[in-house]
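A.B. asks: okay, sequence plus prediction incoming.
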Amino acid sequence: MQRRLIKPLMRPAAVVVLLVLANAARVGAQEPSPETRTVEERRSWLNRVMHPFGSSERLPDYKDPRLRGLVLDLQLSPEPVKLSEVRHLQVHLTVSNKSKKPKPITLDFPNEERIEIFLRNSAEVVLTKFSDNHSYENTPGTVLINPGEHVDYDGTISTRDLTPNKVFICEIFFPQYPELRVRQKFLTAP
């Protein structure tokens, strides 16, 4: 009886299926934490077989060649924004260097201001600016982002000018580098 059960499992196709399932379970169990996650995540064996020429992610094509390889990711919380519970919108921006070049990308700033946040309505009118409630010293600074690494920026912006049951836009950009810009729409709730 045992011999009949084991023999079909020894077929090459069954072995391949079992290996793929075991690899998928292992990869799913090893999800990196946000603190230790790097931009260059290793591709699984199955991913390399199915997509042999690399990932399909296209990097933004900036006019400024010094910025090529940078990718912006914007996260808002909470979503939807419940105006009766939330007075400030939490904004998290991640700037990742996904460049294939071994050189770091350098961003120079004339003062302490790095990012600007706008809250816009659906007609693109600016309702609130992050810089209206912040002051910056005229101290120049430099940010260096190595390949495969990222820099995080956190901020809060007031929701006092928002109304319930409408779509708004959160836009973040670097005043010194206007091409580095990302936008995300979000919905408000009462």
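C.D. replies: That came in fine, so what should we check first?
A.B. asks: this structure: helices as residue ranges?
C.D. replies: Using DSSP state H, the helices of the chain run over 2-9, 12-29, 45-50.
A.B. asks: weakest of those by average pLDDT?
C.D. replies: Here the lowest mean pLDDT among the helices of the chain goes to helix 2-9, at a mean of 53.
A.B. asks: low-confidence ranges, the chain, go.
C.D. replies: Applying pLDDT under 70 to the chain picks out residues 1-57.
A.B. asks: try 80 this time
C.D. replies: Applying pLDDT under 80 to the chain flags residues 1-58.
A.B. asks: for it, what's the longest strand?
C.D. replies: If you go by DSSP state E, the chain has its longest strand at strand 177-189.
A.B. asks: buried ones in it?
C.D. replies: For strand 177-189, a neighbour-count test (16 or more other Cβ atoms under 10 Å) marks 177, 180, 182, 186, 188 as buried. Placement of C-beta: from N, CA and C, glycine included.
A.B. asks: next, count neighbours for Pro65.
C.D. replies: Residues near Pro65, counting by other Cβ atoms under 10 Å, number 7.
A.B. asks: before we move on, what about Gly69?
C.D. replies: Counted with other Cβ under 10 Å, residues neighbouring Gly69 total 21.
A.B. asks: ok, it - contacts?
C.D. replies: 59, 97-101, 105, 147 (Cβ atoms under 8 Å, 6 or more residues apart in numbering).
A.B. asks: Leu70 contacts Thr106, correct?
C.D. replies: No: applying Cβ atoms under 8 Å, one finds Leu70 not in contact with Thr106, separated by 11.1 Å.
A.B. asks: between the two, tell me which one has more neighbours.
C.D. replies: Leu70 (24 against 10).
A.B. asks: and that one, what are its bridge partners?
C.D. replies: Taking DSSP bridges, one obtains Asn97 as the residues bridged to Leu70.
A.B. asks: give me every residue that touches it.
C.D. replies: Leu70 makes contact with 60, 62, 95-99, 105, 145, 180 under the criterion Cβ under 8 Å, 6+ apart.
A.B. asks: what of Arg181?
C.D. replies: Applying Cβ under 8 Å, 6+ apart to Arg181 gives the contacts 72, 171-174.
A.B. asks: now for the buried residues of strand 177-189, which pair is the farthest apart?
C.D. replies: Distance extremes for the buried residues of strand 177-189: the farthest pair is Tyr177 and Thr188 at 29.8 Å, using Cβ to Cβ.
A.B. asks: I'd say Pro110 and Gln176 touch.
C.D. replies: Yes: Pro110 is within contact range of Gln176, at 6.9 Å (criterion: Cβ under 8 Å).
A.B. asks: which one of those two is surrounded by more residues?
C.D. replies: Between Pro110 and Gln176, Gln176 has the larger neighbour count (other Cβ under 10 Å), namely 15 against 12.
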